[in-house]
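Student: Sequence isn't available, so here's the structure alone:
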């Protein structure tokens, strides 16, 4: 059985979250303090136009173990997570959306599932049959359609890629991140596909999602849907090109390879 010891880095990308980021950082900090684990929280302000940075710095001063990073312009969630990972020191890296639609108290259950599944990457999945969702119907429909498209194109062993709660071993991110070119709409898809392609075991677990935003299309516009489709197609083409040019070698599970190396 794998042992999940070591430091945790929680990366929280944020854009214009100033009205609640202080309280959300307080809540997240409290959850990890109670866990007894060594941790750090990295809040990446992705070029916000409000008080996100100032409120995050106030939380860092009040609570400790919070690092803030301010990006000069908005380049997308994927880029913010990449920049946060450059600063991360943890053996395990958690991606957590700053709005806390997915409460960080669920991390313990995801770690348990990660251990049981012997996974290198654990995804909180909205489409898991045991998930509990307070979620607008139109967003559910969009999410289901996109999941079906991804299953057909990439064959990932997942029902969902977009939920903002994920755990990675450091090794899986170090291997996958350099190959990820997408910064915005389909970033999660490319990162997970690259990790899967590299032989890391990717699995999913149920989540409880409490959608706190207004019940409408929210932040997703028609142009966003088009761009996500174009990004997804570009990722598919890049992966196909990579597979055509790669030499054929016997497959080895990345986690198994790591265990073999440690035993030598």
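Tutor: Now that the structure is in, tell me what you want to look at. Predicted model only: the values in this text are computed from it and were never measured. Numbering: from 1, shown residues only.
Student: so where's the stretch 1-150 of the chain shaky on pLDDT?
Tutor: Across the stretch 1-150 of the chain, the ranges flagged by pLDDT under 70 are 1-4, 133-150.
Student: Tell me where it has helices.
Tutor: Taking DSSP state H, counting those that start in this stretch as the criterion, the stretch 1-150 of the chain carries its helices at 21-35, 52-63, 77-87, 107-117, 137-154.
Student: Include mean neighbour count and distance to residue 169 when you put these into CSV, please.
Tutor: Any C-beta I mention is one placed from the backbone N, CA and C, and that applies to glycine too. Putting the helices of the stretch 1-150 of the chain into CSV (neighbours: other CB atoms under 10 Å; distance: least, CB to CB, whole Å) gives the following:
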stretch, mean neighbour count, distance to residue 169
helix 21-35, 18, 18
helix 52-63, 19, 26
helix 77-87, 20, 12
helix 107-117, 17, 9
helix 137-154, 15, 21
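Student: between these, which gets nearest to residue 180?
Tutor: With CB to CB as the criterion, residue 180 lies closest to helix 77-87 of those, at 7.0 Å.
Student: neighbouring contacts of the closest one?
Tutor: For helix 77-87, contacts defined as CB atoms under 8 Å, 6 or more residues apart in numbering pick out 9, 11-15, 42, 44, 46, 67, 69, 71, 93, 95, 173, 177, 180, 182-184, 187-188, 191.
Student: Which ones among those residues lie within strands?
Tutor: If you go by DSSP state E, the contacts of helix 77-87 have 9, 11-14, 42, 44, 46, 67, 69, 71, 93, 95 in strands.
Student: out of the residues you listed, which is most surrounded?
Tutor: residue 12 (29 neighbours; other CB atoms under 10 Å).
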